[in-house]
Each structure stands twice: as C-alpha cells, then as structure tokens.
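[1] Model the structure of this input:
(2 chains)
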Amino acid sequence: MSARFEAVRHPGLAGARARSAPVNACWLAGPAAAAADEFAGTTDAGEIEKRAAAFLADPGRTETMLAPLIDALRADPWFEPPFKVSRDQLRTGAVLFDCPAVTLSATVTGADALNRLPPTATFVVPGRVTLTLYLSGGKARMRRWQADRAGADFSAASAPPAREIAPCMLEDGALVRQDGRTGGHLLTGAASDIVALTATIKPGADPLVREYAVADGTLVRAACADDTASRIEMLLTFLRVSGRADATDLFEQTSHHPAFHLRWAAMREWLMLDARAAHGRLAAMRADDPR
Amino acid sequence: MITLSIAEIATLGTQVATHGAIRAAEVAGDDIFEMLIAIAVLVYETYPGPIP
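    A predicted model of the protein is given here:
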C-alpha cells in the first residue's frame, strides 16, 4: 500500500510555482525562443519538415535546449517546468515547445502497461505529418494502416476502410516519418519502455482527425483538427443562446468557412437564432454545398 | 424574427466532434478542457451577475 502524500511534510512544495516562474520566463525567452526561431520565416511544410529532421538528428540539440530546466530540477525537486503534460495508464507526454510551424513533444510509453492492457480497439489517423525520433524503441512492433486522404468531399457514410500494411520494428535511434493525413499506427509488444521525441508539422494538415477500428479498418468517428474552428463553433452557440441577432454578419461569414462542418454548424445556429435572416444563405448553400 | 428549435433542423451527414475529442498521442494537452474554460470565462465576463 502506498503511503499517503501529506503536503505539510514537504515544505518546499509551498511556493514551488513562484520559485519556478522566473526560471521558466528566462527559459521561454532564451532556449525555447531560439528553438522556435529555427522554424521561423516559412510556412512551407516541406521546408519545416526538413528543419525538424535536422533538429531531431542533432543528438545534443534537445538536450541543450532543456539543460537550464534540468539544472533547475536538480537544485529544486519541486521545480515545475513550463510544459503542458498529459498522463494516462500507458504514456506520459509533455509538449516541449510549440510555435506556428511545429510542435515538439516528448513521450514515454510504458512497456509493462503496453503489454498488460487489453489491446486498443481503434487507431487514429491524426491528419498531420510527424517526425518521431525513437531514443529508445523498446523493440516494439509498430502496426501500420493506410487510409485515403480526407478531402473537402469527405463523407463518413462513404469513407473507405483503412488498410493494414506491413508492420515494422522500432530500433533505438530510428527517425520515423508518418504522414498522418493518410495513415495511422499502433505500438505493441515492447521489451522495454519507448522514449520518443515527436515533431508535428502544422502547415498542410488536414482539417479532420479520424479514428478507425482495428478489427476491420472501418471509420469510427471524426473530430475537428483545428482548435480555432471548434472555438468559433462554441462562440456562435454562445451568440445564439445570448439572442444576439445583431451578430448576423458573423454567422454569414462563418457559413463560408473552408471547413464544411463549421459552415453548416454556423447555418444551424443561425437558423435557431433568426431563420428569416438565414434563409437566403441557406438557399445558396443548398445549391452549392451539398452536405 | 423566426427561430427554429434544434429538433427542427436536419443534422449533418458527417458528424464532426470538437477539437480534442479524439486524442492523437503525438500532441499532449487537454484541449477540450481549455476550450470549455475559455468559453466559461467569456460567459462570466459577459454576464458577471450571480446565477439566479
């Protein structure tokens, strides 16, 4: 049985956030900004991918970037690095830095959990190109699938199933490129923990994240890959619930958005708010936006 | 002004969930939580009075 954690026994915990703040501010303005600068000045996905590959291929690059935070952690075990962190039974991940071109994240996947947990029923086609450096591949097996790209005419009802292709083994030090617009993967059967650094290339991403069934490759569900589109959708709901009929222009503008689901979400909200005002645009969408 | 209820409007053939509803392992972070907090803050700032 694990001992109960009592904060009072750890006086260093109080004020840890305040102690961490100046170190983090310094790091964000220095090493993190320098890393982001390496991806500045272009929105070309191919160029960003080339720079990300160079970043990951340099064995000391990430270590140099993180060095001030590791020093701070050595000096103060309650130091809180400025990272978004996620944890579940299988993996611990942290976003090391995020800029308009790329997100760099670190992930440790536990071999024990991977081998103990029941196999997952679905895999994800994330819609983005990623480069992953497996610092420790754990001799895991990577199952891989290919799917058609989700274009502007994507329809859940007619989406063809994903097709499983030959698996590969993860070797230590392998740099693996995944085109998440047309493929997904799952890791199985690791001999040891898997430690990975992943650069996710943002430009050129597809608008949807898709989830498929492992058993037969059929599409299970889709989600919006763009947080701005989801925020707009929520804000339109807020305007409608608030009865803001004076915001007609915003509903009209959003009904022309490139993302089909956002166009139609805007129209649904507009109809609920003011069907008479929405009618003209609805007729136009009916003619040229068959969803 | 004519308003329609949600039940009177057809649903989209391809349903698309909110960003973050499907988690891709490459990107960490609780996106849905952050978006809900953002909208809750906005609602509170717009209507700061106590809930009746």
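
[2] Wait, A:R17 touches A:P81, no?
    No. Using Cβ atoms under 8 Å, A:R17 makes no contact with A:P81, being 11.5 Å away. The C-beta positions use only the backbone N, C-alpha and C, and glycine is treated the same way.

[3] Out of the two, name the residue with the larger neighbour count.
    A:P81 (17 against 12; other Cβ atoms under 10 Å in any protein chain shown).

[4] Okay, now the sheet partners of whatever helix or strand A:T198 lives in, with direction.
    Using DSSP states H and E, A:T198 falls within strand A:194-201. Strand A:194-201 has the following sheet partners, assigned by DSSP bridges: strand A:102-109 (antiparallel), strand A:129-136 (antiparallel).

[5] how about these in TSV, adding distance to B:A40?
    Below are the strands paired with strand A:194-201 laid out as TSV (distance: least, Cβ to Cβ, whole Å):
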stretch	distance to B:A40
strand A:102-109	25
strand A:129-136	32
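
[6] Out of those, which is closest to A:D246?
    strand A:102-109 (37.7 Å; Cβ to Cβ).

[7] what comes into contact with the helix or strand following that closest one?
    Next helix or strand after strand A:102-109 toward the C-terminus (DSSP H and E): helix A:111-116. Residues outside helix A:111-116 that contact it (Cβ atoms under 8 Å, 6 or more residues apart in numbering or on different chains) are A:89-91, A:138, A:140, A:187-194.

[8] Kindly recompute the last result at 10 Å.
    A:88-91, A:110, A:136, A:138-140, A:186-194 (Cβ atoms under 10 Å, 6 or more residues apart in numbering or on different chains).

[9] Could you do stretch A:17-33 as well?
    In contact with stretch A:17-33 (Cβ under 10 Å, 6+ apart) are residues A:12, A:36, A:40, A:64-69, A:71-73, A:75-76, A:78-83, A:96-99, A:104.

[10] and residue 8, what pLDDT?
    Since you didn't name a chain, this refers to chain A. For A:V8, the pLDDT comes out at 73.

[11] not what I meant, chain B
    At B:E8, the pLDDT recorded in the model is 83.

[12] dump the residue contacts of it.
    Taking Cβ under 10 Å, 6+ apart, we find B:E8 in contact with A:271-272, A:275.

[13] Close to chain A: what parts of chain B are there?
    Within chain B, the positions lying close to chain A (Cβ under 10 Å from any Cβ of the partner chain) are B:1-6, B:8-32, B:34-36, B:38-39, B:42-43, B:46-47.

[14] ok, back up a step: just checking, next helix/strand downstream of the strand holding A:T198?
    Downstream of strand A:194-201 (by DSSP H and E), the next one is strand A:208-213.

[15] hmm, that next one touching chain B?
    Yes. Applying Cβ under 10 Å from any Cβ, one finds strand A:208-213 touching chain B at A:208-211.

[16] Now look at the following helix or strand past that strand and say if it contacts chain B.
    Using DSSP H and E, the helix or strand that follows strand A:208-213 in sequence is strand A:219-224. Yes. Residues of strand A:219-224 are located near chain B by Cβ under 10 Å from any Cβ, namely A:219-224.

[17] most distant residue from the middle of chain A?
    For chain A, the largest distance from the centre (Cα atoms, centre = their mean) belongs to A:R276, which lies 39.3 Å off.

[18] Can you give me the end-to-end span of stretch A:109-124?
    Start-to-end span of stretch A:109-124 (Cα to Cα, to the nearest Å) is 17 Å.

[19] Need the three-state assignment for A:A266.
    helix (DSSP: H, G, I helix; E, B strand; the rest coil).

[20] Without its sequence neighbours, what residue ends up closest to it?
    A:T254 (3.7 Å; Cβ to Cβ, 6 or more residues apart in numbering or on different chains).

[21] neighbouring strands for the least confident helix or strand in chain A by mean pLDDT, and are they parallel or not?
    Taking mean pLDDT, DSSP states H and E as the measure, chain A has strand A:84-87 as its least confident helix or strand, at a mean of 86. Sheet pairing here is set by DSSP bridges, and for strand A:84-87 it gives strand A:91-98 (antiparallel).

[22] Pull out the buried positions in the partner strand.
    A:91, A:93-98 (16 or more other Cβ atoms under 10 Å in any protein chain shown).

[23] so how far is chain B from A:R51?
    For A:R51, the distance to chain B equals 18 Å [Cβ to the nearest Cβ, to the nearest Å].

[24] helices or strands up against the strand or helix carrying that residue?
    According to DSSP H and E, A:R51 maps onto helix A:45-57. Using 3 or more Cβ pairs under 10 Å, 6 or more residues apart in numbering or on different chains; DSSP states H and E, the elements in contact with helix A:45-57 are helix A:61-75, strand A:102-109, strand A:129-136, strand A:174-179, strand A:194-201.

[25] Show me what the mean pLDDT comes to for the longest one.
    Along helix A:61-75, the predicted confidence averages to a pLDDT of 95.

[26] number of nearby residues for B:I2?
    11.

[27] next one: A:G173
    11.

[28] now the most centrally placed residue in chain B: how far from A:I232?
    Centroid-nearest residue in chain B, with Cα atoms, centre = their mean: B:L36, separated by 6.5 Å. Applying Cβ to Cβ, to the nearest Å, the value for B:L36 to A:I232 is 15 Å.
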